[in-house]
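> the following block contains a protein sequence and its predicted model.
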Amino acid sequence: MDELELLKKDWKKQNASYPQLTYNEIYKLIHKKSSSIVKWIFIICIAEFVFWGLVNLLIPDSFLEIYEKLHLKIVLNVFYILHYAVSIGFIYLFYKNYSSISVIDNTSLLMKKIIKTRKTVNYYVYYNIIMSVILSVIVNFVMFSKPDLLLQVMNPKNLVVDADKFFNIMLIAQIIGLAVTIGFLWLYYRIIYGILLRKLTKNYKELEELD
Amino acid sequence: MNKDLEHKFISEFQQHQNIIHKVCRIYTNNQEAHRDLFQEIAIQLWKAYPKFRGDSKLSTWMYRVGLNTAITLYRKSKRTIKTQDFDSVLHKIQSTDYDATEEEQLKLMYKAIYQLSDIDKALIFLYLEDKNYKEIAVTIGISEVNARVKMNRIKTRLRTILNP
(Lines give C-alpha, C1' and ligand atoms only; values in the text may rest on other atoms or scores of the structure.)
Protein backbone atom coordinates (compact mmCIF):
# COMPACT_ATOMS: atom_id res chain seq x y z
CA MET A 1 0.00 0.00 0.00
CA ASP A 2 1.66 3.18 -1.25
CA GLU A 3 0.06 5.56 1.21
CA LEU A 4 1.18 3.48 4.17
CA GLU A 5 4.79 3.50 2.99
CA LEU A 6 4.59 7.23 2.48
CA LEU A 7 3.23 7.56 5.98
CA LYS A 8 6.04 5.46 7.43
CA LYS A 9 8.61 7.73 5.79
CA ASP A 10 6.89 10.80 7.16
CA TRP A 11 6.54 9.22 10.59
CA LYS A 12 10.29 8.76 10.87
CA LYS A 13 10.96 12.33 9.86
CA GLN A 14 8.69 13.61 12.61
CA ASN A 15 11.17 12.85 15.36
CA ALA A 16 12.84 16.17 14.72
CA SER A 17 9.67 18.19 15.01
CA TYR A 18 8.52 17.30 18.53
CA PRO A 19 9.18 19.82 21.28
CA GLN A 20 11.88 18.47 23.60
CA LEU A 21 11.18 18.81 27.32
CA THR A 22 14.00 19.87 29.61
CA TYR A 23 15.06 18.05 32.78
CA ASN A 24 13.17 20.51 34.98
CA GLU A 25 10.04 20.34 32.88
CA ILE A 26 10.00 16.54 33.18
CA TYR A 27 10.63 16.81 36.92
CA LYS A 28 7.56 19.01 37.31
CA LEU A 29 5.49 16.76 35.05
CA ILE A 30 6.06 13.54 36.96
CA HIS A 31 5.08 15.18 40.24
CA LYS A 32 1.66 16.15 38.98
CA LYS A 33 -1.47 14.25 39.98
CA SER A 34 -2.54 11.32 37.90
CA SER A 35 -6.09 11.20 36.59
CA SER A 36 -6.06 7.56 35.56
CA ILE A 37 -9.26 5.52 35.68
CA VAL A 38 -7.63 3.01 38.03
CA LYS A 39 -7.30 5.75 40.61
CA TRP A 40 -10.96 6.70 40.17
CA ILE A 41 -12.11 3.11 40.35
CA PHE A 42 -10.15 2.72 43.59
CA ILE A 43 -11.75 5.82 45.15
CA ILE A 44 -15.26 4.80 44.10
CA CYS A 45 -14.83 1.22 45.33
CA ILE A 46 -13.61 2.38 48.74
CA ALA A 47 -16.58 4.76 48.91
CA GLU A 48 -18.92 1.85 48.18
CA PHE A 49 -17.41 -0.28 50.93
CA VAL A 50 -17.76 2.62 53.36
CA PHE A 51 -21.32 3.33 52.22
CA TRP A 52 -22.58 -0.24 52.66
CA GLY A 53 -20.73 -0.52 55.94
CA LEU A 54 -22.43 2.61 57.22
CA VAL A 55 -25.90 1.64 56.02
CA ASN A 56 -25.93 -1.11 58.62
CA LEU A 57 -24.70 1.13 61.40
CA LEU A 58 -27.30 3.77 60.64
CA ILE A 59 -30.30 1.65 61.59
CA PRO A 60 -31.87 3.58 64.48
CA ASP A 61 -32.10 2.04 67.95
CA SER A 62 -35.90 2.24 67.99
CA PHE A 63 -35.89 -0.21 65.11
CA LEU A 64 -33.83 -2.65 67.08
CA GLU A 65 -36.33 -2.44 69.92
CA ILE A 66 -39.10 -3.41 67.54
CA TYR A 67 -37.07 -6.36 66.32
CA GLU A 68 -36.45 -7.37 69.91
CA LYS A 69 -40.14 -7.39 70.68
CA LEU A 70 -40.77 -9.44 67.57
CA HIS A 71 -38.10 -11.93 68.78
CA LEU A 72 -35.94 -11.20 65.76
CA LYS A 73 -32.88 -9.97 67.64
CA ILE A 74 -31.00 -13.28 67.50
CA VAL A 75 -31.72 -13.77 63.81
CA LEU A 76 -30.41 -10.27 63.16
CA ASN A 77 -27.26 -10.77 65.20
CA VAL A 78 -26.42 -13.95 63.32
CA PHE A 79 -26.97 -12.06 60.10
CA TYR A 80 -24.63 -9.28 61.19
CA ILE A 81 -21.79 -11.61 62.18
CA LEU A 82 -22.09 -13.42 58.86
CA HIS A 83 -22.36 -10.14 57.04
CA TYR A 84 -19.17 -8.69 58.49
CA ALA A 85 -17.23 -11.88 57.81
CA VAL A 86 -18.36 -11.83 54.17
CA SER A 87 -17.56 -8.09 53.90
CA ILE A 88 -14.02 -8.64 55.13
CA GLY A 89 -13.67 -11.41 52.57
CA PHE A 90 -14.77 -9.02 49.81
CA ILE A 91 -12.38 -6.31 50.97
CA TYR A 92 -9.51 -8.79 50.92
CA LEU A 93 -10.42 -9.94 47.37
CA PHE A 94 -10.72 -6.36 46.21
CA TYR A 95 -7.32 -5.48 47.64
CA LYS A 96 -5.74 -8.56 46.07
CA ASN A 97 -7.18 -7.78 42.62
CA TYR A 98 -6.40 -4.09 42.86
CA SER A 99 -2.77 -4.58 43.79
CA SER A 100 -2.30 -6.98 40.88
CA ILE A 101 -3.11 -4.23 38.37
CA SER A 102 0.12 -3.28 36.65
CA VAL A 103 0.68 -0.87 33.79
CA ILE A 104 3.54 -3.07 32.53
CA ASP A 105 1.25 -5.99 31.72
CA ASN A 106 0.17 -6.38 28.13
CA THR A 107 -2.90 -4.36 27.16
CA SER A 108 -5.33 -7.26 27.22
CA LEU A 109 -4.22 -8.51 30.65
CA LEU A 110 -4.26 -5.00 32.12
CA MET A 111 -7.86 -4.51 31.01
CA LYS A 112 -8.84 -7.93 32.32
CA LYS A 113 -7.43 -7.12 35.78
CA ILE A 114 -9.14 -3.74 35.98
CA ILE A 115 -12.49 -5.29 35.01
CA LYS A 116 -11.97 -8.08 37.56
CA THR A 117 -11.29 -5.54 40.33
CA ARG A 118 -14.40 -3.59 39.46
CA LYS A 119 -16.45 -6.79 39.31
CA THR A 120 -15.41 -7.75 42.85
CA VAL A 121 -17.05 -4.59 44.12
CA ASN A 122 -20.10 -5.17 41.94
CA TYR A 123 -20.54 -8.60 43.49
CA TYR A 124 -20.24 -7.00 46.92
CA VAL A 125 -23.02 -4.60 46.07
CA TYR A 126 -25.20 -7.41 44.64
CA TYR A 127 -24.55 -9.37 47.80
CA ASN A 128 -25.67 -6.44 49.93
CA ILE A 129 -28.83 -5.95 47.92
CA ILE A 130 -29.72 -9.64 48.00
CA MET A 131 -29.07 -9.81 51.75
CA SER A 132 -31.28 -6.78 52.37
CA VAL A 133 -34.06 -8.34 50.34
CA ILE A 134 -33.80 -11.70 52.14
CA LEU A 135 -33.71 -9.98 55.51
CA SER A 136 -36.74 -7.84 54.78
CA VAL A 137 -38.65 -10.86 53.47
CA ILE A 138 -37.95 -12.70 56.74
CA VAL A 139 -38.85 -9.67 58.84
CA ASN A 140 -42.05 -9.11 56.88
CA PHE A 141 -42.96 -12.74 57.12
CA VAL A 142 -42.56 -12.76 60.89
CA MET A 143 -44.29 -9.41 61.28
CA PHE A 144 -47.33 -10.31 59.24
CA SER A 145 -47.64 -13.74 60.78
CA LYS A 146 -48.05 -12.07 64.17
CA PRO A 147 -50.36 -9.19 63.31
CA ASP A 148 -51.50 -8.61 66.87
CA LEU A 149 -47.98 -8.28 68.14
CA LEU A 150 -47.01 -6.03 65.23
CA LEU A 151 -49.94 -3.75 65.79
CA GLN A 152 -49.04 -3.55 69.44
CA VAL A 153 -45.38 -2.79 68.72
CA MET A 154 -46.06 -0.19 66.06
CA ASN A 155 -48.86 1.42 67.98
CA PRO A 156 -47.74 1.45 71.60
CA LYS A 157 -50.19 4.16 72.61
CA ASN A 158 -53.07 1.97 71.53
CA LEU A 159 -54.62 4.55 69.25
CA VAL A 160 -57.67 3.36 67.41
CA VAL A 161 -56.55 2.24 63.97
CA ASP A 162 -58.04 0.16 61.24
CA ALA A 163 -55.80 -2.91 61.11
CA ASP A 164 -56.32 -3.57 57.38
CA LYS A 165 -55.56 0.02 56.51
CA PHE A 166 -52.47 -0.09 58.70
CA PHE A 167 -51.05 -3.18 57.01
CA ASN A 168 -51.76 -1.81 53.57
CA ILE A 169 -49.92 1.40 54.36
CA MET A 170 -46.96 -0.54 55.70
CA LEU A 171 -46.81 -2.68 52.59
CA ILE A 172 -47.12 0.26 50.22
CA ALA A 173 -44.47 2.23 52.12
CA GLN A 174 -42.07 -0.69 51.78
CA ILE A 175 -42.72 -1.06 48.06
CA ILE A 176 -42.16 2.64 47.46
CA GLY A 177 -38.95 2.51 49.53
CA LEU A 178 -37.72 -0.43 47.47
CA ALA A 179 -38.56 1.26 44.16
CA VAL A 180 -36.74 4.46 45.14
CA THR A 181 -33.66 2.49 46.25
CA ILE A 182 -33.58 0.51 43.01
CA GLY A 183 -33.97 3.74 41.04
CA PHE A 184 -30.98 5.30 42.77
CA LEU A 185 -28.84 2.22 42.30
CA TRP A 186 -29.73 2.02 38.62
CA LEU A 187 -28.84 5.68 38.11
CA TYR A 188 -25.59 5.27 40.03
CA TYR A 189 -24.42 2.32 37.92
CA ARG A 190 -25.44 4.03 34.71
CA ILE A 191 -23.14 6.87 35.71
CA ILE A 192 -20.25 4.62 36.82
CA TYR A 193 -20.36 2.49 33.69
CA GLY A 194 -21.20 5.31 31.37
CA ILE A 195 -18.48 7.69 32.39
CA LEU A 196 -15.75 5.50 33.76
CA LEU A 197 -15.90 2.17 32.05
CA ARG A 198 -17.47 2.63 28.63
CA LYS A 199 -14.13 3.08 26.86
CA LEU A 200 -12.50 0.23 28.73
CA THR A 201 -15.27 -2.30 28.11
CA LYS A 202 -15.49 -1.31 24.45
CA ASN A 203 -11.77 -1.86 23.92
CA TYR A 204 -11.79 -5.07 25.90
CA LYS A 205 -14.65 -6.47 23.84
CA GLU A 206 -12.74 -5.65 20.67
CA LEU A 207 -9.77 -7.72 21.86
CA GLU A 208 -12.01 -10.53 23.09
CA GLU A 209 -13.70 -10.80 19.72
CA LEU A 210 -10.29 -11.38 18.15
CA ASP A 211 -9.48 -14.44 20.24
CA MET B 1 11.26 7.59 46.32
CA ASN B 2 14.95 8.13 46.26
CA LYS B 3 16.66 10.97 44.46
CA ASP B 4 19.15 8.85 42.49
CA LEU B 5 16.37 6.80 40.97
CA GLU B 6 14.48 9.97 40.12
CA HIS B 7 17.54 11.49 38.46
CA LYS B 8 18.18 8.33 36.46
CA PHE B 9 14.54 8.17 35.38
CA ILE B 10 14.35 11.78 34.25
CA SER B 11 17.59 11.52 32.26
CA GLU B 12 16.42 8.36 30.51
CA PHE B 13 12.97 9.74 29.92
CA GLN B 14 14.46 12.87 28.40
CA GLN B 15 16.44 10.75 25.94
CA HIS B 16 13.47 8.66 24.89
CA GLN B 17 10.70 11.23 25.09
CA ASN B 18 9.97 11.05 21.38
CA ILE B 19 8.39 7.63 21.92
CA ILE B 20 5.78 9.27 24.14
CA HIS B 21 5.29 12.15 21.74
CA LYS B 22 4.57 9.64 19.02
CA VAL B 23 2.02 7.76 21.14
CA CYS B 24 0.28 11.08 21.79
CA ARG B 25 0.48 11.91 18.10
CA ILE B 26 -1.55 8.80 17.23
CA TYR B 27 -4.13 9.16 20.01
CA THR B 28 -4.79 12.89 20.09
CA ASN B 29 -5.57 15.47 17.46
CA ASN B 30 -4.76 18.75 19.14
CA GLN B 31 -1.93 20.16 21.15
CA GLU B 32 -3.76 20.43 24.46
CA ALA B 33 -4.88 16.81 24.43
CA HIS B 34 -1.36 15.84 23.34
CA ARG B 35 0.08 17.61 26.38
CA ASP B 36 -2.52 16.09 28.68
CA LEU B 37 -1.85 12.53 27.56
CA PHE B 38 1.91 13.13 27.57
CA GLN B 39 1.66 14.16 31.22
CA GLU B 40 -0.37 11.10 32.23
CA ILE B 41 2.05 8.74 30.48
CA ALA B 42 5.01 10.45 32.19
CA ILE B 43 3.34 9.98 35.58
CA GLN B 44 2.54 6.32 34.88
CA LEU B 45 6.10 5.66 33.68
CA TRP B 46 7.53 7.21 36.82
CA LYS B 47 5.15 5.25 39.06
CA ALA B 48 6.11 1.99 37.34
CA TYR B 49 9.83 2.77 37.09
CA PRO B 50 10.89 1.13 40.38
CA LYS B 51 9.51 -2.13 38.98
CA PHE B 52 11.51 -1.80 35.75
CA ARG B 53 14.26 -4.38 36.06
CA GLY B 54 16.03 -3.91 32.79
CA ASP B 55 15.22 -7.38 31.48
CA SER B 56 13.65 -5.71 28.48
CA LYS B 57 14.86 -2.61 26.68
CA LEU B 58 13.73 0.65 28.26
CA SER B 59 12.21 1.72 24.95
CA THR B 60 10.15 -1.50 24.73
CA TRP B 61 8.92 -0.91 28.24
CA MET B 62 8.02 2.69 27.36
CA TYR B 63 5.99 1.57 24.35
CA ARG B 64 4.01 -0.72 26.57
CA VAL B 65 3.30 1.76 29.37
CA GLY B 66 2.60 4.50 26.83
CA LEU B 67 0.07 2.45 24.88
CA ASN B 68 -1.55 1.04 28.02
CA THR B 69 -2.05 4.53 29.36
CA ALA B 70 -3.46 5.83 26.08
CA ILE B 71 -5.82 2.87 25.57
CA THR B 72 -6.86 1.99 29.09
CA LEU B 73 -5.89 4.35 31.89
CA TYR B 74 -6.24 7.77 30.34
CA ARG B 75 -9.49 9.66 30.69
CA LYS B 76 -9.99 12.50 28.29
CA SER B 77 -10.45 15.71 30.19
CA LYS B 78 -13.85 17.25 29.73
CA ARG B 79 -12.49 20.55 28.43
CA THR B 80 -13.57 20.92 24.85
CA ILE B 81 -10.76 22.44 22.94
CA LYS B 82 -11.16 24.40 19.80
CA THR B 83 -7.51 24.84 18.96
CA GLN B 84 -6.04 24.21 15.59
CA ASP B 85 -5.75 20.65 14.40
CA PHE B 86 -2.44 19.13 15.31
CA ASP B 87 -2.16 17.69 11.82
CA SER B 88 -2.07 21.00 10.13
CA VAL B 89 0.35 22.41 12.70
CA LEU B 90 2.83 19.64 12.13
CA HIS B 91 2.47 19.68 8.41
CA LYS B 92 3.19 23.34 8.17
CA ILE B 93 6.58 22.64 9.72
CA GLN B 94 7.39 19.95 7.24
CA SER B 95 5.75 21.07 4.09
CA THR B 96 9.05 22.13 2.53
CA ASP B 97 10.01 18.47 2.10
CA TYR B 98 6.91 17.46 0.20
CA ASP B 99 5.07 18.24 -2.91
CA ALA B 100 1.46 19.25 -2.57
CA THR B 101 -0.10 15.89 -3.47
CA GLU B 102 2.03 13.99 -0.97
CA GLU B 103 1.15 16.45 1.72
CA GLU B 104 -2.51 16.14 0.92
CA GLN B 105 -2.28 12.35 1.00
CA LEU B 106 -0.55 12.39 4.35
CA LYS B 107 -3.14 14.69 5.81
CA LEU B 108 -5.83 12.28 4.70
CA MET B 109 -3.89 9.36 6.17
CA TYR B 110 -3.59 10.95 9.58
CA LYS B 111 -7.25 11.85 9.52
CA ALA B 112 -8.13 8.28 8.61
CA ILE B 113 -5.95 6.89 11.41
CA TYR B 114 -7.64 9.17 13.89
CA GLN B 115 -10.95 7.54 13.01
CA LEU B 116 -9.69 4.05 13.91
CA SER B 117 -10.48 2.36 17.24
CA ASP B 118 -8.02 2.62 20.15
CA ILE B 119 -6.79 -0.93 19.58
CA ASP B 120 -6.33 -0.40 15.84
CA LYS B 121 -4.38 2.76 16.56
CA ALA B 122 -2.01 0.75 18.75
CA LEU B 123 -1.37 -1.71 15.92
CA ILE B 124 -0.77 1.03 13.36
CA PHE B 125 1.52 2.81 15.80
CA LEU B 126 3.67 -0.27 16.38
CA TYR B 127 3.70 -0.94 12.64
CA LEU B 128 4.95 2.58 11.96
CA GLU B 129 7.59 2.04 14.63
CA ASP B 130 8.84 -0.97 12.61
CA LYS B 131 7.86 -3.56 15.21
CA ASN B 132 7.39 -7.09 13.93
CA TYR B 133 4.17 -9.06 14.43
CA LYS B 134 5.61 -10.96 17.36
CA GLU B 135 6.36 -7.75 19.26
CA ILE B 136 2.98 -6.29 18.35
CA ALA B 137 1.25 -9.46 19.60
CA VAL B 138 3.18 -9.51 22.89
CA THR B 139 2.57 -5.82 23.61
CA ILE B 140 -1.18 -6.00 23.05
CA GLY B 141 -1.68 -9.49 24.42
CA ILE B 142 -3.09 -11.24 21.36
CA SER B 143 -1.74 -14.09 19.25
CA GLU B 144 0.63 -13.40 16.38
CA VAL B 145 -1.86 -14.77 13.88
CA ASN B 146 -4.54 -12.45 15.18
CA ALA B 147 -2.14 -9.51 15.02
CA ARG B 148 -1.59 -10.24 11.32
CA VAL B 149 -5.30 -10.66 10.62
CA LYS B 150 -6.12 -7.46 12.47
CA MET B 151 -3.36 -5.51 10.71
CA ASN B 152 -4.65 -6.61 7.30
CA ARG B 153 -8.15 -5.54 8.29
CA ILE B 154 -6.85 -2.14 9.35
CA LYS B 155 -5.04 -1.68 6.07
CA THR B 156 -8.22 -2.53 4.19
CA ARG B 157 -10.19 -0.15 6.40
CA LEU B 158 -7.70 2.67 5.84
CA ARG B 159 -7.90 2.04 2.10
CA THR B 160 -11.68 2.32 2.15
CA ILE B 161 -11.55 5.48 4.25
CA LEU B 162 -9.11 6.99 1.76
CA ASN B 163 -10.86 5.79 -1.41
CA PRO B 164 -14.57 5.68 -0.65
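Nice, thanks for sending it over.
> now chain B against chain A: closest residue?
Chain B approaches chain A most closely through residue B:141 (3.0 Å), counting by CB to the nearest CB. Backbone N, C-alpha and C define where each C-beta goes, glycine included.
> measure that residue to residue A:68 for me?
Using CB to CB, to the nearest Å, residue B:141 is found at 56 Å from residue A:68.
> comparing the two, which residue is more hemmed in?
residue B:141 (16 against 13; other CB atoms under 10 Å in any protein chain shown).
> what is the longest helix belonging to chain A packed up against?
As assigned by DSSP state H, the longest helix anywhere in chain A is helix A:107-145. Packing contacts for helix A:107-145, counted by 3 or more CB pairs under 8 Å, 6 or more residues apart in numbering or on different chains; DSSP states H and E, involve helix A:37-57, helix A:73-100, helix A:163-191, helix A:198-210, helix B:58-68, helix B:133-140.
> and the third one, anywhere near chain B?
Just to be clear, that refers to helix A:163-191. No: using CB under 8 Å from any CB of the partner chain, helix A:163-191 stays clear of chain B, coming no nearer than 14.1 Å.
> which strands and helices sit next to that helix?
helix A:107-145, helix A:147-154.
> give me whichever of the helices and strands packed on helix A:107-145 is most buried.
helix B:58-68 (a mean of 22; mean count of other CB atoms under 10 Å in any protein chain shown).
> mean confidence score for the helix or strand hosting residue B:104?
Element membership for residue B:104 (DSSP states H and E) is helix B:100-114. The average pLDDT within helix B:100-114 is 84.
> which strands or helices does whichever helix or strand comes after it pack on?
Per DSSP H and E, the first helix or strand lying C-terminal to helix B:100-114 is helix B:118-128. Secondary-structure packing of helix B:118-128 (3+ CB pairs under 8 Å, 6+ apart): helix A:2-13, helix A:198-210, helix B:3-27, helix B:58-68, helix B:133-140, helix B:144-162.
> mean pLDDT and distance to residue A:162 added to the ones you listed, as TSV?
TSV is the format used below for the helices and strands packed on helix B:118-128 (pLDDT from 0 to 100; distance: least, CB to CB, whole Å):
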stretch	mean pLDDT	distance to residue A:162
helix A:2-13	84	81
helix A:198-210	88	52
helix B:3-27	93	68
helix B:58-68	93	66
helix B:133-140	94	69
helix B:144-162	90	70
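> now render those helices as TSV, adding distance to residue A:37.
Formatted as TSV, those follow (distance: least, CB to CB, whole Å):
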stretch	distance to residue A:37
helix A:2-13	29
helix A:198-210	7
helix B:3-27	15
helix B:58-68	11
helix B:133-140	19
helix B:144-162	24
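> tell me which of the ones you listed lies nearest to residue A:132.
helix A:198-210 (27.4 Å; CB to CB).
> measure how that closest one sits relative to helix A:107-145, angle-wise.
110 degrees (axes from the mean of the first three to the mean of the last three CA atoms, to 10 degrees).
> close to chain B, is helix A:198-210?
Yes: applying CB under 8 Å from any CB, one finds helix A:198-210 touching chain B at A:199-200, A:202-203, A:206-207, A:210.
> how about stretch A:3-13?
Yes: applying CB under 8 Å from any CB, one finds that stretch A:3-13 is in contact with chain B at A:3-4, A:6-8, A:10-11, A:13.
> of those residues, select the buried ones using a PyMOL command.
Applying 16 or more other CB atoms under 10 Å in any protein chain shown to these, the buried members can be selected in PyMOL as follows:
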select buried, chain A and resi 3+4+7+10+11
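> got the residues of stretch A:3-13 next to chain B as TSV, with distance to residue A:111 columns?
TSV is the format used below for the residues of stretch A:3-13 next to chain B (distance: CB to CB, whole Å):
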residue	distance to residue A:111
A:3	31
A:4	28
A:6	33
A:7	28
A:8	28
A:10	31
A:11	27
A:13	33
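> buried sites along stretch B:103-121?
Going by 16+ other CB under 10 Å, stretch B:103-121 has these buried residues: B:103, B:105-106, B:108-110, B:112-113, B:116, B:118-121.
> hmm, back to that, so what secondary structure elements neighbour the helix holding residue B:104?
helix A:2-13, helix B:86-94, helix B:144-162.
> 6 Å instead?
Packing partners of helix B:100-114 (3 or more CB pairs under 6 Å, 6 or more residues apart in numbering or on different chains; DSSP states H and E): helix A:2-13, helix B:144-162.
> re earlier: give the buried residues for the longest helix of chain A.
Here helix A:107-145 shows A:107-118, A:120-121, A:124-125, A:127-128, A:131, A:139, A:142-143 as buried, counting by 16+ other CB under 10 Å.
> likewise for stretch B:136-155?
In terms of neighbour count (16+ other CB under 10 Å), stretch B:136-155 has its buried residues at B:136-142, B:146-147, B:150-151, B:154-155.
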